[in-house]
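In: pasting a predicted model and its sequence here:
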Amino acid sequence: MTEHSIRTALVTGADRGLGYEMTVRLLDEGFRVYAGKFNDEYSLLDRLAEEYPELRPVQLNVSVYEEIVNVEKIIREECGYLDLLVSNAAFMGGPQNDQVGGDVPIDFDLMRFSFNTNTAPAPVLVDVFLPLLLKSDYRRLHFTSSEISSVRLMKRTGSMRYAMTKSALNVGVRLMFNELRPLGFRFRLFQPGWMKRMMPDGTLDPRARLDPKQSAEMAVKLILEDRPDEDRLTLVDYLGHELSF
Ligand SMILES: NC(=O)c1ccc[n+]([C@@H]2O[C@H](COP(=O)([O-])OP(=O)(O)OC[C@H]3O[C@@H](n4cnc5c(N)ncnc54)[C@H](OP(=O)(O)O)[C@@H]3O)[C@@H](O)[C@H]2O)c1
């Protein structure tokens, strides 16, 4: 079976922010969404599930292999295929002034933790879900990156840890693109912009520029549209503009 009556997506890091808003947009577009829950402080997904019968919140810490495998088992048994994988979860905390020769030493443990959250899970997720993705003709993969990932645009100091995790993510996505594009996969590498942080009650911290809803609208639009140049991997921002990376 390759043409499915209902499109099915998995979104990681969906408790709040961009992942939550992408989940809402995909549900509105008629997708069944398996939405990764990670932080017990947030119950926005549970409330959303009362409104949308096609929403399935699933426990998913993307840094834990067993949890990825468990979600694959749930989707395989309930559905048998996956049309879209949205790899979005990230850790953005910790000091932002991390740089060589800085005021504080670079925190090696935090560096490893960040890679284990922002970088390593993306190819592991695709690897684990590949058999289910191959059961679909849709075959779409979205990765949330950042402008900070761009080696060419990078002019700042600090943010060593976070920037490195996103640049490495881009390389991983490029390698997956080389391998999976010939099998018909469509790739979306997305820069969502500087978004306001979502609080447990769904309100937004006013610091930052964008409502995550705005970025989610563009992210889902890019996922749904068929591009004429799918053989080119591009980093595209919340305005739909292509960035150098
Ligand atoms: N915010 C920005 O301005 C900005 C700019 C450029 C790119 N981005 C990227 O956009 C994406 C979404 O950002 P956002 O602003 O929506 O962030 P966010 O509000 O922090 O949402 C990210 C979600 O991922 C969760 N998460 C963290 N570690 C996880 C893990 N190991 N497994 C599963 N989930 C985990 C977070 O949980 P917690 O609630 O525990 O943190 C949170 O629910 C990220 O990839 C980020 O790097 C953000």
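Out: Sure, I can see it.

In: C-alpha only now, for contacts and for neighbours.
Out: Will do.

In: for the ligand, what are the nearby residues on this protein?
Out: 12-19, 38-39, 60-63, 88-91, 117, 144-146, 191-195, 197-198 (CA under 6 Å from any ligand atom).

In: please flag which of those residues sit within strands.
Out: Using DSSP state E, the subset of the residues of the chain next to the ligand located in strands is T144, Q191.

In: which of the residues of the chain next to the ligand are buried?
Out: Buried members of the residues of the chain next to the ligand, scored by 16 or more other CA atoms under 10 Å, are 12-19, 38, 60-63, 88-90, 117, 144-146, 191-195, 197-198.

In: so which residue is smack in the middle of this protein?
Out: N88 (1.7 Å; CA atoms, centre = their mean).

In: who's in contact with it?
Out: The contact partners of N88, by CA atoms under 8 Å, 6 or more residues apart in numbering, come to V11, T12, G13, L18, G19, H142, F143, T144.

In: can you lay out those as TSV showing pLDDT?
Out: Output for those, formatted as TSV (pLDDT from 0 to 100):
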residue	pLDDT
V11	99
T12	98
G13	98
L18	98
G19	98
H142	98
F143	98
T144	98
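
In: what's the closest of the residues you listed to R227?
Out: Closest approach to R227 among the contacts of N88 (CA to CA): H142, at 14.1 Å.

In: tabulate the CA atom coordinates of the longest helix that the chain contains in PDB.
Out: For the chain, the longest helix by residue count, based on DSSP state H, is helix 160-180. Output in PDB follows, covering the C-alpha atoms of helix 160-180 (Å, rounded to 0.1, in the frame of the first residue of the first chain):
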ATOM      1  CA  MET A 160      29.600  27.800  19.900                       C
ATOM      2  CA  ARG A 161      27.700  24.800  21.100                       C
ATOM      3  CA  TYR A 162      24.300  25.500  19.600                       C
ATOM      4  CA  ALA A 163      25.700  26.700  16.300                       C
ATOM      5  CA  MET A 164      27.900  23.600  15.900                       C
ATOM      6  CA  THR A 165      25.000  21.300  16.600                       C
ATOM      7  CA  LYS A 166      22.900  22.900  13.800                       C
ATOM      8  CA  SER A 167      25.800  23.000  11.300                       C
ATOM      9  CA  ALA A 168      26.400  19.300  11.900                       C
ATOM     10  CA  LEU A 169      22.700  18.700  11.500                       C
ATOM     11  CA  ASN A 170      22.900  20.300   8.100                       C
ATOM     12  CA  VAL A 171      25.700  18.000   7.100                       C
ATOM     13  CA  GLY A 172      23.700  15.000   8.300                       C
ATOM     14  CA  VAL A 173      20.700  16.100   6.300                       C
ATOM     15  CA  ARG A 174      22.900  16.600   3.200                       C
ATOM     16  CA  LEU A 175      24.200  13.000   3.600                       C
ATOM     17  CA  MET A 176      20.600  11.700   4.000                       C
ATOM     18  CA  PHE A 177      19.600  13.800   1.000                       C
ATOM     19  CA  ASN A 178      22.300  12.200  -1.200                       C
ATOM     20  CA  GLU A 179      21.100   8.700  -0.200                       C
ATOM     21  CA  LEU A 180      17.300   9.100  -0.100                       C
END
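
In: and for the closest residue in space to F31 that isn't next to it in sequence, the neighbour number?
Out: Spatial nearest neighbour of F31, excluding adjacent residues (CA to CA, 6 or more residues apart in numbering): R7 at 4.9 Å. Residues lying near R7 (other CA atoms under 10 Å) number 19.

In: right, and the helix or strand after the host helix or strand of M111?
Out: Secondary structure assigned from DSSP states H and E places M111 in helix 108-118. Next along the chain after helix 108-118, taking DSSP H and E as the criterion, comes helix 121-133.

In: check which helices and strands that next one is in contact with.
Out: Packing partners of helix 121-133 (3 or more CA pairs under 8 Å, 6 or more residues apart in numbering; DSSP states H and E): helix 65-78, strand 84-87, helix 160-180.
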